[in-house]
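**Student:** How does the following fold in three dimensions:
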Amino acid sequence: MRGLLNKHVGSAFRRIGRSRLVLFLGILGPGVIAANAGNDAGGITTWSVIGSRYGYGLLWLLAIVTPLLAIAQEMNARIGVVTGRGLAALIRERFSLRITAFAILATMIANFGTAVSEFSGIAAASELFHTPTWVGVPVVAVAVWLLVTHGSYRKVERVFLALGLVYLTYIVSGIIAEPDWRDVGRGLAPQMHASQLWLLTVIAAVGTTITPWGQFFIQASVTDKHVSLKEFPYTRAEVFLGSTFMAIIDFFIVVACAETLFKHGIVVETAEDAARALGPLLGAAAKYLFALGLLNVSILASGILPLATAYVVCEAFGFEAGLDRSFSEAPIFNGLLTAFIFLPALVAMIPGLPLVRVILVAQTVNGMLLPIVLIFVLLIINDRRLMGDHVNGRTYNWIAWTFSVVLIALSAALVLTALPLPFL
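**Tutor:** Alright, predicted model coming up:
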């Protein structure tokens, strides 16, 4: 009898386990996608520059930024689940139209710069594959546009998640580099500098990891998927999983570049520099493996960023929005998608465009804009009329407000140093 009882109990637990796994996989998407989108051309370039310029000297920053990313995304996902509305729509409802318009305009400018950096990554990958940029960039732009505008949310999401698997190549590269793990450990001890270049790099690292548009995107995508409060624990777990996965990738990007570039006095200035530096590790295939990774992450973000921008604008001003709506049903939404794909692609094809400089400046702008977005998020998530019992606790509030103030101070320090920004 006991054996039979154990058999039935075990079977029941297996059924419960399977049902929870199916539910988790059904919810899987927004947190992983939003985090992985941070590892785009801008993320790879920024952390590659950090590894090549500072070695392991800024690994401590990654250890701090990763939990902050998880907290920021969890807050936005929670707002989306509780209210059923996107961040831009809530900003419009709570604040004046002028404030809303200013926030949306600033976000659109930052997003456009980031989109240019994504297609610059595609252009660089095309060159590494010996394909003219005037061929590679338009082909990818059209492919991304067709995927986003003619695919359902589920189909687009699956493609984006599949492309994210290419990030694993950076883990392999970091391991092959055979780093001295004692040096890596010493890099986790904070090291401060007073130079403008260091401030710019730190803000860029924050901006490329916790992107302002990513906060809008994750809340809109959770809302679009109709995640319920009952399902939210799985979404929270998925958000933390995505943040951790992103941190692991960035960690190994720094490790690989510190071992192959920093030790030889090479600072990443182009994608080709980074690819050539990996040659001793992977031989002749390194250039093409790096190009493949850069191409995939750029495609991932060049599809997500227009989505985030379109959601933000349409939610802020009440326009129809959704991937399953046609051009006639949602002209503004689909028009923004089209503009934020093809216009940045045209800019990225400008001959001689300084990729690294464009990317780092775009990430720095993201970092300087981030506190504004976080302040809106904090004001909304602590409104009991909207959130009820799901408002922030003291710990979340203390961490988020402190981070926002520190980032504002760093941005002010950067502006108050010498301008214009140095050539990188």
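**Student:** so how many other residues sit close to residue 352?
**Tutor:** Neighbour count of residue 352, defined by other CB atoms under 10 Å: 4. (C-beta placed from N, C-alpha, C; glycine too.)
**Student:** Next, it: secondary structure please.
**Tutor:** At residue 352 the chain is in coil, as set by DSSP: H, G, I helix; E, B strand; the rest coil.
**Student:** Tell me the pLDDT of it.
**Tutor:** On pLDDT, residue 352 comes in at 78.
**Student:** Same question for residue 422.
**Tutor:** Looking at residue 422, its pLDDT is 51.
**Student:** just residue 222 next, same as before
**Tutor:** Residue 222 is assigned 82 on the pLDDT scale.
**Student:** Can you say which helix or strand has it in it?
**Tutor:** Element membership of residue 222 [criterion: DSSP states H and E] is helix 212-224.
**Student:** Next, count neighbours for the residue nearest to residue 191 when sequence neighbours are not counted.
**Tutor:** Closest residue to residue 191 apart from its sequence neighbours, by CB to CB, 6 or more residues apart in numbering: residue 57 at 5.2 Å. Residues near residue 57, counting by other CB under 10 Å, number 20.
**Student:** Need the three-state assignment for residue 57.
**Tutor:** Classification of residue 57 using three-state DSSP returns coil.
**Student:** can you tell me the average pLDDT over stretch 289-303?
**Tutor:** Averaging pLDDT along stretch 289-303 gives 78.
**Student:** and what of stretch 392-405?
**Tutor:** 91.
**Student:** For that stretch, give me every contacting residue.
**Tutor:** The contact list for stretch 392-405 (CB atoms under 8 Å, 6 or more residues apart in numbering) reads 68, 71, 72, 75, 370, 371, 374, 375, 377, 378, 381, 382.
**Student:** Could you dump the residues you listed into a markdown table and include distance to residue 304, pLDDT and neighbour count?
**Tutor:** Conversion of the contacts of stretch 392-405 to a markdown table gives the following (distance: CB to CB, whole Å; pLDDT from 0 to 100; neighbours: other CB atoms under 10 Å):
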| residue | distance to residue 304 | pLDDT | neighbour count |
| --- | --- | --- | --- |
| 68 | 20 | 91 | 20 |
| 71 | 21 | 91 | 21 |
| 72 | 17 | 90 | 30 |
| 75 | 19 | 92 | 24 |
| 370 | 17 | 87 | 27 |
| 371 | 22 | 89 | 22 |
| 374 | 20 | 90 | 24 |
| 375 | 24 | 91 | 16 |
| 377 | 19 | 92 | 23 |
| 378 | 24 | 93 | 18 |
| 381 | 23 | 94 | 22 |
| 382 | 28 | 94 | 15 |
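**Student:** Reformat the residues you listed as TSV; add distance to residue 217 and secondary structure.
**Tutor:** As requested, those are exported to TSV (distance: CB to CB, whole Å; DSSP: H, G, I helix; E, B strand; the rest coil):
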residue	distance to residue 217	secondary structure
68	17	helix
71	16	helix
72	12	helix
75	14	helix
370	14	helix
371	18	helix
374	15	helix
375	18	helix
377	13	helix
378	18	helix
381	17	helix
382	22	coil
